[in-house]
Structure formats: structure tokens, C-alpha cells
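[1] this one's sequence-less:
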């Protein structure tokens, strides 16, 4: 009897040993270790490794990193277009002779050279896409010196063109990984779904393997459903470089769509004599789609109105060197707004973005960065084709991607002599189109705004900027009617306009009787064109009206494919130094930190399912007008019924009606009283759930006079910083709600401004919004008071001393 527990323990130990062996062999078959932390950075363009090694002014940084994170949006013209060096001591404690080791860069802008232990290991031409450098023969046990030279110098041979309306950020702007694999390993997986219907589906896995030692290898492929249950599996011997495994007749597949992005998992295991040599898992989505001729878009056999936006890859304070959490925050915000489609503008983005789109249910237009600059010669064409091949190869397995875009405004502003030659451009565009279809016959190709090539690709977007770069937004219906007939597979990408947070107008400039109402095309050179972009007030409420009208049209058009708003987030650009926030394209629905503007809630009211109400506007809390003159107030909501209360009194319940403009009929006449007015909007959805929004508006009956001075004030924020606000006031001490000139902030002592952020509270120079502008200030920790000034051409400087609490 005494032996039994002992015997039992032996069994447990043996079982644990076997379990550990299995875990060991599978989990260590391939390792991928993030090496973002503890790099050194040298701002020196020397091409010589030895000079870089000798330099003493290296700074400690973590990746991702860009040297343009702040100089892109500082107030000095231009930004650094040059080379820099990175270095890291990479400790590899044990080297296994049966394995290969490599560095995987998710993206490094724009050209990269990698050195390991003073020898060149490899490089890459082109930013925005990943690459792998084999370092097996250059490493040693212990510390290894990794040096990386990255260069974003002006180079017309590499797309995108410098004439593009965005910054080409230099640096290692994405994650870097150390990979370790057995010499016999899985090189690539290519997953397609040859047959998909609601009743059954098939999946084909093309597995490329490297069999360096000519061993007897086998592949096991396992397919699991979204709940993790095994659906099918197969084991085959490896007889060629590429193995083809197909699972037929998967009954009643759980389809991937924008509401239910069901993802199956394919795991491929490479074995040699029952020992696992490698294991790779990929997600797969079963879905099919179609662009109907001259009509709508269908996903899985049902009409789906494309509700889209655009995303540039950048964020306040970091530029393109965004963290994975920041990428996810963008994509979740896009999804929460109710969008089902995103055009990645104008280049492929971080791997995490595609993963997010797969998991959240966002259809993707993935774009080759042939943006402006025209067509180049042989070297340019080789670089461009290589990049397209890399994009398709790396992003192939994502079910979210439905379009490979071959370019945007490609023949604008050529970089090369004869670079806008249509015949040459079309020959090359045809080559790109053929290459895309050869590499991936399952998806569509597209371009935007290059009309002469519209017949070459599968899907085409013309340029329609009704109400901004030309015409009135009321001409939108006419524009889409024209193009729907003209183009077999028409989609509308890019519409909108700039809005400056906090700027509002009782009567926004619409351009009536000043601009031609019927136009909608954007001119290349705008010096002779009268349009709202130039003569408008950039108010939030003009843009709210413009988007409300566009959505009023698209949401009520049963045969319309859908449209893609430009752009989700304010982004930096070298081409706009004189904008209200210098160097910022302010067409975002959210600011450069991701904080929603009014326009975000317009889209949410049409697209989102989560009930909400939003009173226009939370950034319009100081207003003026004659006594007893009611103002029309809009509430944006997706609720079936909304009631508006003014100081506790109901102004009536209204039914939301999709056919009504503005705000789907959710508008009320509000007769503001002098002083504070409390507005409450209570919405009720079909299920009876109630939601509310509250807004306090300070109203005055006397109009301000001309501004005579600036007034400075401060407020302590929750994060311990201070918000310093400049207000333009008249001789009666009234805030000048019509004052829009620039103001310049300076912190002289006691702290530093949050400058170069490109946000409404993060620029030392900013145009006022209804007579007000603010900047965030970080105390220096000394306890000394913060000393601030603000001035402009008219007012020679106000001074504020802020005692630290």
C-alpha cells in the first residue's frame, strides 16, 4: 500500500515530462522576440560605419522612433530629410547550429542598411512595408553589435513623391523582432478560399517550406472554427518547395462580415521524425464580394453600403512611430463610429492595423504609395513593382482586404521630364494591374483620380469635392449620378473639408453667389479658383452641414456603392504651413490626438448602432444674437425618438427620419435667454433604452465690438499640467466671437509648452477659434511659477504668472 502513492507520483512526473517535451518542441520550434527596447540613436548622416561607431553623441531611445516626430510640425519650414544611425547590443546567450536567425523589421523609412558585428547583413529600399535580414552567419554567442542606417533623403526614384500632401517620416517607425527558426522551416503560407457560400466553403493552403538538409519532412494542417473547435486536419509528406493542402466541403461556414467578423484559424506544423520543426498559425475569413456593374457593392450575397473613411498612420507627438495601442485606438474609434471600410492612405500600414481590421470587421483598400510625381524611368519602375509585390505577398492572408490600389493622383506634379505622359503611364499601370492580378486573382485593383487609366483597373474613384475644393455640396447627387453611369465599378473616395476645433458661426460661409455651384472637381493649382477651402470660415458647423448632406444622399440611395470620407484624423503635411494649425491638414473627424470633433457624431448618427445623442456643439458654449430671435439647434442621434429640454422645459419630442435634412429632422427652434442655458437631449431607441446629452450655453444679446486686447488665463488639468488660454476681448471686456487671427504662445519660465503636436492645444502658433486659443504647459517640477506670454501682430503681448498649486 505504501508504494502506491510513490508509483502514482512517478506517473505524474512522467506525464509532466512528456507534456513539457511536447511544449518545448512546439513552442521553441520558432521563436519571435520583440527587440524594441534599449537602442541608441545618432543623428549623423555619415555613410561610413566606422565613423558612426566612433561617434560619442548617441542618445538612448526605444523603438518605434522617428527623427521627424516633432520637427515635422514645428514652426520652422521643412523637415529633416537625411540619414541617421541606430545601434543595439543584442545578447544571444546560446546559438544553435541547426537554426537560422534573422531580424524582422515591420517598417523602416525609407532606405535601410543593416550591419551585424561590423559586417553588412542586408538592406531594403522603400518604407511602409516589412523586410527580413538573415544574420545567421554574422552572429556570435553573447553580445552582438547591430547597426542600422536609415535614410529618408529626397529621392525621386522611390515612391511616394515628395509632392504628396503628407510627411515622409524618417526612422525605424515600427517594431523590430529577432526570429529564430530551424534550418528546415515554413517560409510562407498563402491561404485562399476558392469556394464560399452560406452552405459550404473550401480553403486552400499553399505552404512554402525550406528543406535545407533534404530531410524527410511532413506537414500537418489543422483548421479550427472561431470558437476554437477543430473542423478539419490533414498530414502530408513534403515532396516539393510548395505543398498544397485543400479542405473541401466545410459545411455551413461561419462567414466573415463587417458585423460578425468570424475568423477561423489555420495552423501548419512542420515535422521531421515526429519532432516539430516549425509551426505557423494564420487567421482565415470565409467571405465573398462583388462590385455590381454601375451599381452597389455586395458582401456574402447581400448589398452592403460602403461606409468608409481614410487613415493616415501618424499621431501627435510621435509622427509615424506609433505604438500598437495607438494603432488599435484609431481602428476601434473608426469602428465605434460605425464605419465598415477604411482606405489606408496612401501607403501600406503597420501589421497591427490589418489584424485590427480582420478582428473588428473593417473592409480594407490597401494602397501602393504611387502618390503624385508621375512616372519615372527603369529604376523607379523596378522599385515600384517590387513594392507592390511585397505588399501583396505580406498582406495576402487578411480577409479584410478587398482592394489593392495601384495609386492616387499619380500623374499630378511630375518629378521626371515627361512624367505625366499618359501613354507611358498607362503602359506601366497595365503592368502593375497585371502583376497584382497574377499575384492575387481573388481581389480587385483600383486607382483614384487618374482618369486616363480608369478603364485599366477594376474599380475607379474620380475626384468629387463638392462644397470644398469646388462647387456647393448640394451638387453631390448630380456628381454621383454622372459617375455611376460613366464608370462600371465606381466608388467615391475622398470628400470633406477642414474644420478648426471650437470655431463656429451663426451663419457659416456657404459660398452662395460667389462660387460656381455645380462644380465638384479639385484643381491642381488653386490660385485662380474661388472655393470654400479658400473663402470659407473653416467652422465646425459648416463641415457638419457638408457631411450631413453627403450622408443624407448616400444613405438614401439604394443602388449607390458608398463613399469614403477624407480623413479620419487630422494629419501633418509639409504643404500647408499657413493652415489654422500650421502644417496640419485639418480635415479629420477627430483631432491629431484622436479626440472627436462635431463631425464624428454626424457619421455616428447615421452609421452606429450603440444609442447616443449629441447636441451640436460641445465646443460652442459662448454664443450671441438678438433677443427673441430663435436659433435652430441640431441634435445628432441614432435613436428613434429624441426630446429636447431647455432649462427643464420640453421643446417637444421628434421622430428621427432618415429622409429629412438636416440632422434627420432632429432640429428645434431654441429661444435662448441671457446668461446660462441648460439643454438636455434625451433619446429613446426601439428597445426603449434611453440616453442623454447635456450642454450649457452662455448666451448674450449684445454683439462684441472690435478686439482691443488679449487676456490670459489658466486652468489646472487632471494630469497636473496647465491649460493656458488667450481670449480676444473688446473695450467692454466681451469675448470677440468673430476674431480669428493667429496668436503666438511662449513659456518663459517654470515649464515648457506642449508644442509641435499639431493639436488644438499643442501648437505655439494657432489661429483663434471664436476669439479663443489655448496651449497645454508642463510645469518643470521646480515649484517656481510658470511665466507665459501671448502675442500677435495686433496685440504686443500679454503676460501671465501662474503660481504652482
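    That came through fine. None of these values were measured; they are calculated from a predicted model.
[2] partners of the closest residue in space to residue 750 that isn't next to it in sequence in the sheet?
    Counting by CB to CB, 6 or more residues apart in numbering, residue 750 lies nearest to residue 786, which is 3.8 Å off, once chain neighbours are set aside. C-beta here means a position set from N, CA and C on the backbone, and glycine is covered the same way. Counting by DSSP bridges, residue 786 is bridged to residue 802.
[3] now do residue 403
    Counting by DSSP bridges, the residues bridging with residue 403 are residue 365, residue 444.
[4] quick one: contacts for the residue nearest the centre of the chain?
    Central residue of the chain (CA atoms, centre = their mean): residue 311, 3.1 Å from the mean position. Contact partners of residue 311, counting by CB atoms under 8 Å, 6 or more residues apart in numbering, are 330, 331, 334, 342, 343, 344, 345, 349, 353, 567, 568, 569.
[5] narrow these to those in helices?
    330, 331, 334, 353 (DSSP state H).
[6] for this structure, give me the ranges with low pLDDT.
    For the chain, the stretches with pLDDT under 70 are 1-28, 511-530.
[7] on that earlier part again, pull the most distant pair out of the ones in helices among the contacts of residue 311.
    Using CB to CB, the ones in helices among the contacts of residue 311 span at most 10.3 Å, a distance reached by 334 and 353.
[8] related to what we said a few turns ago, from the contacts of residue 311, list just the buried residues.
    Among those, those scoring as buried are 330, 331, 334, 342, 343, 344, 345, 349, 353, 567, 568, 569 (criterion: 16 or more other CB atoms under 10 Å).
[9] how about the residue nearest to the centre of the chain, phi and psi?
    Main-chain dihedrals, residue 311, degrees, to the nearest 10: phi -130, psi 120.
[10] give the contact list for the closest residue to residue 317 other than its chain neighbours.
    Leaving aside its chain neighbours, residue 317 sits nearest to residue 757 (5.7 Å; criterion: CB to CB, 6+ apart). Counting by CB under 8 Å, 6+ apart, residue 757 touches 73, 316, 317, 592, 593, 763.
[11] from residue 205, how far out is residue 757?
    Residue 757 is 46 Å from residue 205, where distance means CB to CB, to the nearest Å.
[12] include distance to residue 258 when you put the buried ones among the contacts of residue 311 into TSV, please.
    Shown next, in TSV, are these (distance: CB to CB, whole Å):
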residue	distance to residue 258
330	17
331	13
334	12
342	11
343	15
344	16
345	20
349	19
353	16
567	20
568	16
569	21
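[13] between those, which sits nearest residue 750?
    residue 569 (32.2 Å).
[14] ok, that closest one - contacts?
    For residue 569, the contact set (CB under 8 Å, 6+ apart) comprises 311, 312, 330, 588, 589, 590, 591, 592, 594.
[15] show me the beta-bridge partners of it.
    residue 590.
[16] ok, it to residue 757 distance?
    Taking CB to CB as the measure, residue 569 falls 13 Å from residue 757.
[17] what's the answer for residue 121, then?
    37 Å.
[18] and residue 800, by the same measure?
    Relative to residue 757, residue 800 is positioned 21 Å away (criterion: CB to CB).
[19] one more: residue 158?
    According to CB to CB, residue 158 and residue 757 sit 29 Å apart.
[20] same question for residue 367.
    27 Å.
[21] residue 455 now?
    For residue 455, the distance to residue 757 - CB to CB - is 44 Å.
[22] now do residue 80
    Residue 80 is 18 Å from residue 757, by CB to CB.
[23] now the helix or strand harbouring residue 359, how far from the centre of its chain.
    Per DSSP states H and E: residue 359 is located in helix 351-360. Here helix 351-360 is found 11 Å from its chain centre; the criterion is CA atoms, centre = their mean, to the nearest Å.
[24] check stretch 691-708 too.
    Chain-centre distance of stretch 691-708: 35 Å, with CA atoms, centre = their mean.
[25] before we move on, what about stretch 295-311?
    19 Å.
[26] straight-line length of that stretch, end to end?
    26 Å (CA to CA, to the nearest Å).
[27] tell me which residues of it come out buried.
    Quick answer for stretch 295-311 (16+ other CB under 10 Å): 295-297, 299-300, 304-311.
[28] same question for stretch 694-703.
    Result for stretch 694-703 [16+ other CB under 10 Å]: buried residues 695, 697, 699, 700.
[29] now swap in stretch 571-581 and tell me
    Within stretch 571-581, the residues that qualify as buried are 571, 572, 573, 574, 576, 579, 580, 581, counting by 16+ other CB under 10 Å.
[30] show the contacting residues for the fifth one.
    When you say that, I think you mean residue 576. 165, 582, 583, 584, 585.
[31] tell me which helix or strand residue 698 sits in.
    Applying DSSP H and E, one finds residue 698 within strand 690-700.
[32] contacts only, for residue 251.
    199, 200 are the contacts of residue 251 under CB under 8 Å, 6+ apart.
[33] give me the distance between it and residue 301.
    Note on residue 251: its distance to residue 301, by CB to CB, is 17 Å.
[34] just residue 79 next, same as before
    Distance of residue 79 to residue 301, given as CB to CB: 48 Å.
[35] check residue 322 too.
    For residue 322, the distance to residue 301 - CB to CB - is 37 Å.
[36] could you pull out the helices for the stretch 301-450 of the chain?
    324-336, 351-360, 378-395, 422-439 (DSSP state H, counting those that start in this stretch).
[37] what do you get for the stretch 501-650 of the chain?
    Under DSSP H, counting those that start in this stretch, the stretch 501-650 of the chain gives helices at 532-535, 540-554, 598-607.
[38] ok, which of these comes nearest residue 726?
    Among the helices of the stretch 501-650 of the chain, the nearest to residue 726 by CB to CB is helix 540-554 (19.6 Å).
[39] between that closest one and helix 598-607, what angle do the directions make?
    For helix 540-554 against helix 598-607, the angle by axes from the mean of the first three to the mean of the last three CA atoms, to 10 degrees is 20 degrees.
[40] just give me how far helix 540-554 sits from the chain centre.
    Distance, centroid of helix 540-554 to centroid of chain: 22 Å (CA atoms, centre = their mean).
[41] cool, and stretch 474-486?
    Here stretch 474-486 is found 28 Å from its chain centre; the criterion is CA atoms, centre = their mean.
[42] now swap in stretch 233-249 and tell me
    On the basis of CA atoms, centre = their mean, stretch 233-249 sits 37 Å off its chain's mean C-alpha point.
[43] now it: buried residues?
    For stretch 233-249, a neighbour-count test (16+ other CB under 10 Å) marks 238, 243, 245, 247 as buried.
[44] go on, stretch 221-236?
    Quick answer for stretch 221-236 (16+ other CB under 10 Å): 221, 222, 223, 224, 225, 226, 231, 232.
[45] and for stretch 191-199?
    Here stretch 191-199 shows 191, 192, 193, 195, 196 as buried, counting by 16+ other CB under 10 Å.
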